[in-house]
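Chemist: Could you look at this predicted model? Sequence included:
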Amino acid sequence: QKEVEQDPGPLSVPEGAIVSLNCTYSNSAFQYFMWYRQYSRKGPELLMYTYSSGNKEDGRFTAQVDKSSKYISLFIRDSQPSDSATYLCADLMTTDSWGKFQFGAGTQVVVTP
Amino acid sequence: DAGITQSPRYKITETGRQVTLMCHQTWSHSYMFWYRQDLGHGLRLIYYSAAADITDKGEVPDGYVVSRSKTENFPLTLESATRSQTSVYFCASSRGRITEAFFGQGTRLTVV
């Protein structure tokens, strides 16, 4: 079982709608979570990171962590066609004194004009 | 340009050949990582490094070798390429042990 699980989608929404993305995690030493956006044939780019429960906002993006249910979410308000991409969640794992990242498989999002 | 760069961007090689993928970062980040990305598997960690001359295996290290003689470079070598190593390879770096990672643009490797 993967440490971080994500629905692969695709998730199709009309322009202007709210996109809701979710990940579940099983174990997290630091509970330091990240969301990445990956366009086709490009490298993942960091969108947001959070290490506490509750919400964190950055423009149209809101990251939410619910530690009681081990659930992390990303909301995109007023979605645009340019938001069409694959969204990856990641959890910082540790082994001994190292930090390394465990990624979900990604959710493909399609925003239709 | 500052950032993290990978070369080559595309590579086709034959089964059994040795191939090296290059990764260079200009941030002086301590940590560097190599991932492969395949449909259905997402990003899987191959090797990582906490500093120059300190490397360790990730989730899928078999068939790969890394070195890190300088902080800014982290090459990945496939000693004898196999078709199962056809994938997109991403290099990443992070400033510290509990900080976010930044990715390169990837190398698309095809083994024929």
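Modeler: Ah, there it is.

Chemist: For the rest of this, base every contact and every neighbour count on C-alpha atoms.
Modeler: Will do.

Chemist: Count the neighbours of the closest residue to residue B:91 other than its chain neighbours for me.
Modeler: Nearest non-adjacent residue to residue B:91, counting by CA to CA, 6 or more residues apart in numbering or on different chains: residue B:34, 4.6 Å away. Number of residues near residue B:34 (other CA atoms under 10 Å in any protein chain shown) recorded here: 25.

Chemist: which residues touch residue B:34?
Modeler: When contacts are counted by CA atoms under 8 Å, 6 or more residues apart in numbering or on different chains, residue B:34 is found next to B:45-48, B:76, B:89-92.

Chemist: Residues in a beta bridge with it, which ones?
Modeler: Assessed by DSSP bridges, residue B:34 has beta-bridge partners residue B:47, residue B:91.

Chemist: tell me which parts of chain B are close to chain A?
Modeler: B:40-44, B:48, B:50, B:90, B:97-98, B:100-106 (CA under 8 Å from any CA of the partner chain).

Chemist: Show me these that map onto strands.
Modeler: Among the residues of chain B next to chain A, the members falling in strands are B:42-44, B:48, B:50, B:90, B:101-103 (criterion: DSSP state E).

Chemist: And the furthest pair within those residues?
Modeler: The distance between the two most remote of these (CA to CA) is 22.9 Å, for B:42 and B:50.

Chemist: quick one on the thing from earlier: top of the contacts of residue B:34 by number of neighbours, please.
Modeler: In the contacts of residue B:34, the most neighbours by other CA under 10 Å go to residue B:91, 32 neighbours.

Chemist: pretty sure that residue is touching residue B:3, no?
Modeler: No - with contact defined as CA atoms under 8 Å, residue B:91 does not reach residue B:3; the gap is 11.5 Å.

Chemist: picking that back up, just flag the most distant two among the contacts of residue B:34.
Modeler: Top of the distance list for the contacts of residue B:34 (CA to CA): B:48 and B:89, 13.3 Å.
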